[in-house]
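Novice: I would like the atomic coordinates for the input below:
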Amino acid sequence: MKMKSKTKKIIVLSVMVLLLVATGVLNFVLNDKLTSATESSKNASNENVTQTFFAAAKSDRESTRESEFLYLDAIVNSETATASAKESAEKQKADIVSRMEQELALETIVKAKGFGDAIVTIGDGGVSIVVGSGELTAEQANQILAAVVAETTFKATDVKIIPYN
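Specialist: Numbering: from 1, shown residues only. Predicted coordinates for the structure are as follows:
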């Protein structure tokens, strides 16, 4: 039995219409998945940038401190250094260790206050705190400030709180 030419054309046309509809549905579904994946990767990317910033800052701080310790150890172990230079180097090492302990304690306290991450840097002139929050409310800033003033000898005017988003 031979099919009529007209029937063949109708079947071919029907199959092509079905394929066209299937292509449209598939395009819609895949586009929707791609859009949601792109949005989630943007959010993840922002989180990764923030985590990378804090990790890089902490790494930089540690390498700087390591260099300072090596320099001070060289002075202490030097045969040509004077006794006062060696004593001064030992005192500087003790000061650095003390600051490191205070920074770690403050970072832990700030994280306990609900911030995802924090970097605390203590210098001679004051304390700088970078917190992983796009915006800080006055209440949040006051909580951090109170913790710093309680844990250190610095005054409130010596403290800088910087939000990082």
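Novice: in this structure Val130 contacts Ile144, no?
Specialist: No. Judged on C-beta atoms under 8 Å, Val130 makes no contact with Ile144 at a distance of 10.9 Å. Any C-beta I mention is one placed from the backbone N, CA and C, and that applies to glycine too.
Novice: and the pLDDT for Phe37?
Specialist: Not quite, residue 37 is Ala, not Phe. Listed pLDDT for Ala37 reads 62.
Novice: what's the answer for the one 4 residues further on, then?
Specialist: The pLDDT attached to Ser41 in the predicted structure is 57.
Novice: helices or strands up against the longest helix seen in the chain?
Specialist: Across the chain, the longest stretch assigned as helix under DSSP state H is helix 5-77. Using 3 or more C-beta pairs under 8 Å, 6 or more residues apart in numbering; DSSP states H and E, the elements in contact with helix 5-77 are helix 83-112, strand 118-122.
Novice: in the last one, what counts as buried?
Specialist: Okay, so that is strand 118-122. 118-120, 122 (16 or more other C-beta atoms under 10 Å).
Novice: who does it pair up with?
Specialist: Here strand 118-122 has these sheet partners by DSSP bridges: strand 127-131 (antiparallel).
Novice: need the nearest residue in space to Ile144, chain neighbours excluded.
Specialist: Once flanking residues are discounted, Ile144 sits nearest to Ile161: 5.4 Å by C-beta to C-beta, 6 or more residues apart in numbering.
Novice: state the distance from the one you found to Glu101.
Specialist: Note on Ile161: its distance to Glu101, by C-beta to C-beta, to the nearest Å, is 20 Å.
Novice: can you give me how far the lowest-mean-pLDDT helix or strand in the chain is from the chain middle?
Specialist: Lowest by mean pLDDT, DSSP states H and E among the helices and strands of the chain is helix 5-77, with a mean of 77. With C-alpha atoms, centre = their mean, to the nearest Å as the basis, helix 5-77 stands 18 Å off its chain's centre.
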